[in-house]
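> Dropping a prediction and its sequence here:
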Amino acid sequence: MKITDLKPKIPRGGLKQIAKRLQMNEVTVGQYFNGIRPAGDLKELEILKETLKYLKEISDKKEELIKEIESLNL
């Protein structure tokens, strides 16, 4: 998978959250995901690791909310 293929999977505002967690500039992270700015190997690993963590958290929250809605028996 290319980095540019991963960007559409990140929800709106997600790049900002990822950049904030990494204490990096949002533009830098955005350029990385757009394929404009390469990151060093260590930075790339940090960005990808934090992105995975962020997407997992979003997915888990979504599942939790769906289960909660289903339990309402409307």
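Now that the structure is in, tell me what you want to look at. Numbering: from 1, shown residues only.
> what about P11, neighbour count?
Counted by other Cβ atoms under 10 Å, the residues lying close to P11 total 12. In this view, the C-beta of every residue, glycine as well, is placed from N, C-alpha and C.
> Spatially central, which residue of the protein would that be?
In the chain, the residue lying closest to the centroid (Cα atoms, centre = their mean) is T51, at 3.9 Å.
> Which parts of this protein are helices?
Secondary structure of the chain (DSSP state H): helices located at 3-6, 14-22, 26-33, 41-70.
> Just the buried residues of the shortest one, please?
By neighbour count with 16 or more other Cβ atoms under 10 Å, helix 3-6 contains the buried residues I3.
> about what we covered before: please name the residues that touch the residue nearest to the centre of the chain.
Each residue near T51 by Cβ atoms under 8 Å, 6 or more residues apart in numbering is listed here: L6, I10, I18.
> between the helices of the chain, which gets the lowest average pLDDT?
For those, mean pLDDT drops lowest on helix 3-6, to a mean of 86.
> and it, what other elements does it pack with?
With contacts taken as 3 or more Cβ pairs under 8 Å, 6 or more residues apart in numbering; DSSP states H and E, helix 3-6 sits against helix 26-33.
> contacts for the helix it packs on?
Under Cβ under 8 Å, 6+ apart, the answer for helix 26-33 is 3-4, 6-7, 10, 15-16, 18-20, 22, 37-39, 44, 47.
> Of those, which is the nearest to L55?
Nearest to L55 out of the contacts of helix 26-33 is I10 (Cβ to Cβ; 7.0 Å).
> That closest one and G35, how far apart?
14 Å (Cβ to Cβ, to the nearest Å).
> quick one, which of these two is more surrounded?
More crowded of I10 and G35, by other Cβ under 10 Å: I10, with 17 against 11.
> List the contacts of the more buried one.
By Cβ under 8 Å, 6+ apart, the neighbours of I10 are I18, F33, T51, Y54, L55.
> Using CSV, lay out those together with distance to L72.
Formatted as CSV, the contacts of I10 follow (distance: Cβ to Cβ, whole Å):
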residue, distance to L72
I18, 32
F33, 37
T51, 33
Y54, 28
L55, 27
